[in-house]
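Trainee: What would the 3D arrangement of this be:
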Amino acid sequence: MPYVRLSIAKPLRGQEARLEELMRKLVALSAEQEGCIETFLLKPHDDSGEIARIGVYTNEAAAEQAANSASFMALRSELNLVAQPGHLERAFFSI
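Mentor: Next up, the predicted model:
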């Protein structure tokens, strides 16, 4: 049963390019992980400045293993420095 992780972040002022760069690196890293089916980087049609990352995994264990790797955690730590507080991190199971 697929497991989906969704992250939506909005950059701090002046950090738009850096946030997108970090999200692109997270998407690329996710794609290399065992159990990753697909991964996407998304922007909305509006001018909110938000950027979203979706990762689809074979199961929760595969997603957790990827998210807890040292490389992934390092990129997420950097992302926290350039994103506005309170960015959204959610996970979903297919039903």
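Trainee: Tell me, please, the helix or strand in the protein that averages the lowest pLDDT.
Mentor: strand 88-93 (a mean of 92; mean pLDDT, DSSP states H and E).
Trainee: Name the surrounding residues that touch that one.
Mentor: Met1, Pro2, Tyr3, Val4, Arg5, Leu6, Ser7, Ile8, Ala9, Glu60, Ala63 (C-beta atoms under 8 Å, 6 or more residues apart in numbering). From N, CA and C alone the C-beta is placed, and that goes for glycine too.
Trainee: Who are the contact partners of Arg24?
Mentor: Leu41.
Trainee: Start the count at 21 instead of 1 going forward.
Mentor: OK, 21 is where the count begins now, so the last one is Arg44.
Trainee: To which secondary structure element type does it belong?
Mentor: Three-state call for Arg44 (DSSP: H, G, I helix; E, B strand; the rest coil): helix.
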